[in-house]
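Visitor: Next come a sequence and a model predicted from it.
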Amino acid sequence: MILFQNVSKRYPTGQEALSNISLELGDGEMAFLTGHSGAGKSTLLKLTALIERPSRGQIVVNRKNLNNLGSRRIPYYRRNLGIIFQDHHLLYDRTVFDNVALPLVIAGFRHREIGRRVRAALDKVGLLHKEKAEPITLSTGEQQRVGIARAVVTKPPILLADEPTGNLDPTLSREIMNLFLEFNRVGVSILVASHDLGLISTLGKPMIQLNEGRLENPDQGTMA
Amino acid sequence: MNTEITQPVKPELHSRLVAWAVSHARAFFFSLGKLYRAPLSSFMTMAVIGIALALPSGLYLILKNMELAAGGWDTGARVSLFLKPGMPSKDQRALANQLRERAEIERVTVITPDQALKEFKQSSGFGEALNALDDNPLPPVLVIYPDPGMTDPKAIEVMVENLRRMNNVEDAVLDMRWLQRLQAILATAKRTVIVVSGMLALAVILVVGNTIRLDIQNRRQEIEVAKLIGATDAFIRRPFLYGGIWYGLLGAFIGIILVEASLGLLQGPVQRLAGLYESNYSLLGLSGVNGLWILCTGTLLGWFGSWIAVGRHIRDIEPS
Ligand SMILES: Nc1ncnc2c1ncn2[C@@H]1O[C@H](COP(=O)(O)OP(=O)(O)OP(=O)(O)O)[C@@H](O)[C@H]1O
Ligand SMILES: [Mg+2]
């Protein structure tokens, strides 16, 4: 599903964020990406979402080599991904419903279909009763869950999450992680960057450890 | 939990066209709603556009009115037809009558050599000296007044050329300085309208472009999020383009209102002025076609202005 082959990323500043990374996340698998701050976790996710391009090596997602994907195809590629960030990137000038509906609007779904799917996604994250609320009136945890609902509303086969529990209390963090486990249980491939080792070590999923842009446990890089 | 979550869902192919139309309709109304939610700033942008469109339209109308009014004036063009000296006065009158038949000629007066000499003696003050002449050296002259409807100097010149080639005609001299001046003034005014229109069209494009550019900057985060969840540039551009179209169209409406209002203010004085010239001339307003022109021009300029803005700025915004 997601395959990195000798991938390096050097930013224009000269900073080598990733060095010679090879790893594989199979269909329907879930893994955690850990490492110190600046280890390259976000960079790895950004390369997968084509927010950045690798300097060297190949990334294959859904059997498609991303190096061969022109910039015009990027929007269509991203529709296969659900992307969740620590800063949830909600739009504060519209309701929870409209925020979650945005990916469906972009993908060109019909009105009635949008209503059905948005409510299903909000139900899944337990926020159905908040559909008419303004995001600003929600707690941080609730906003994060709205972000997750938006990421899964199109039912993408892959979820990428960057520090989704970054500033949540332990109970909320566990709730969010349980949501991911649920999605994974129905076949979604998930890559979660997190340095909440205490929490993720209890979840029984493989961990990919990065250290200064290199894989810490190369033998575990391939999960099968 | 349901299992269908493993399937990425794409809209069915046959509904693609509908989706495209829905997306356009959404952008259309969304951009209109945005104007409605920021009424003051939207109105100010549209008012600037309205003024920029009203100016050349008003100038154009003034010009058209001037041309129409000028058509009713005596343009003062005259042709002096110098006949062969010694032409019998019977023939002179016959020629004059023959010319009077022509449609392009309104009036012909005959000036015999005797009349001309008398006039000349009086006006020149050389009376005594001229008395010494045995023969009258002056030729008979026909003064021809072209039809006042003939306002095209070229047509008059063609007529003069034909007159000059007639039998018994020595020369034909055209005096139409007045007409030429009027035509020159109108031509200058026309050119001015074109230049002013061009500059103001540019102003509209810049105003809309700048408004849309600011709008894009204000919604930077929204654009980044949209790109992150798979929005194409075309999708993101659409509401901004419709925004430009709305600015242009509504601005043009304001422009039309401004022109008509100004015309209303001018109507009274113009009628008083016309009254002094014993005319009942009343100002010509914008025709339906003119109005349509202004609306189309405004819309097109608005679209173009926003097109320039979105082309550059939306491509530059990328999620990071
Ligand atoms: N846009 C950029 N331009 C230049 N350097 C960058 C850029 N983004 C990240 N870096 C550098 O690349 C390295 C890896 O950054 P990255 O954001 O991937 O780390 P991270 O593991 O996500 O850290 P954190 O846990 O703090 O989020 C860092 O040294 C960072 O300074
Ligand atoms: Mg990071």
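Guide: In hand now; what should we look at? Numbering: from 1, shown residues only, chains lettered A, B, ... in the order given. Ligands and ions are numbered 1, 2, ... in the order given.
Visitor: distance between the ends of stretch B:97-115?
Guide: End-to-end distance for stretch B:97-115: 19 Å, by Cα to Cα, to the nearest Å.
Visitor: okay, and the helix or strand of chain B with the least pLDDT?
Guide: Within chain B, confidence by mean pLDDT, DSSP states H and E is lowest for helix B:127-131 among all helices and strands, at a mean of 71.
Visitor: tell me the mean pLDDT over the following helix or strand past it?
Guide: Proceeding N to C from helix B:127-131, the next assigned helix or strand is strand B:141-146, under DSSP states H and E. Mean pLDDT, strand B:141-146: 88.
Visitor: Do a quick rundown of the strands in the chain.
Guide: Using chain A. Here chain A has its strands, by DSSP state E, at A:2-10, A:16-25, A:30-35, A:56-61, A:64-65, A:81-85, A:158-162, A:189-193, A:207-211, A:214-215.
Visitor: other chain: chain B
Guide: B:78-83, B:105-111, B:141-146, B:169-175.
Visitor: gap between B:L55 and B:V48?
Guide: Distance, B:L55 to B:V48, by Cβ to Cβ, to the nearest Å: 11 Å. From N, CA and C alone the C-beta is placed, and that goes for glycine too.
Visitor: Check A:V125 too.
Guide: Taking Cβ to Cβ, one finds A:V125 at 46 Å from B:V48.
Visitor: what does A:I114 give?
Guide: 38 Å.
Visitor: Which helix in chain B has the most residues?
Guide: helix B:233-276 (DSSP state H).
Visitor: on contacts alone, who are the packing partners of that helix?
Guide: Counting contacts by 3 or more Cβ pairs under 8 Å, 6 or more residues apart in numbering or on different chains; DSSP states H and E, helix B:233-276 is packed against helix B:16-37, helix B:39-71, helix B:177-218, helix B:220-228, helix B:288-316.
Visitor: related to what we said a few turns ago, if we compare the strands of chain B, which one ends up closest to B:E161?
Guide: strand B:169-175 (7.8 Å; Cβ to Cβ).
Visitor: Contacts for the closest one next, please.
Guide: Here strand B:169-175 makes contact (Cβ atoms under 8 Å, 6 or more residues apart in numbering or on different chains) with B:76-85, B:139, B:156-157, B:160-161, B:163-164.
Visitor: how does it look with 6 Å?
Guide: B:R78, B:V79, B:S80, B:L81, B:F82, B:K84, B:V160, B:L163, B:R164 (Cβ atoms under 6 Å, 6 or more residues apart in numbering or on different chains).
Visitor: got the buried residues for that strand?
Guide: Buried residues in strand B:169-175, counted by 16 or more other Cβ atoms under 10 Å in any protein chain shown: B:V169, B:A172, B:L174.
Visitor: Among the contacts of strand B:169-175, which one sits closest to B:W20?
Guide: Nearest to B:W20 among the contacts of strand B:169-175, counting by Cβ to Cβ, is B:V160 at 65.1 Å.
Visitor: Let me see the domain layout of chain B.
Guide: B:24-71+B:182-313, B:79-174 (automatic domain parsing).
Visitor: which one of these is the most hemmed in?
Guide: Burial of the domains of chain B is given as mean neighbour count (mean count of other Cβ atoms under 10 Å in any protein chain shown); domain B:24-71+B:182-313 ranks first at a mean of 18.
Visitor: Do me a favour and average the pLDDT over that domain.
Guide: Averaging pLDDT along domain B:24-71+B:182-313 gives 89.
Visitor: Could I get the contacting residues of B:G255?
Guide: B:G50, B:L53, B:A54, B:I294.
Visitor: Now it. Nearest residue, chain neighbours left out?
Guide: Of all residues beyond its chain neighbours, the one nearest B:G255 is B:L53 (3.5 Å), with distances taken as Cβ to Cβ, 6 or more residues apart in numbering or on different chains.
Visitor: rewinding a little: tell me which of the helices and strands packed on helix B:233-276 lies nearest to ligand 1.
Guide: Nearest to ligand 1, of all the helices and strands packed on helix B:233-276, is helix B:220-228, at 13.9 Å by Cβ to the nearest ligand atom.
Visitor: can you name the farthest residue from the center of chain A?
Guide: Most distant from the centre of chain A: A:R112, at 27.2 Å, with distances by Cα atoms, centre = their mean.
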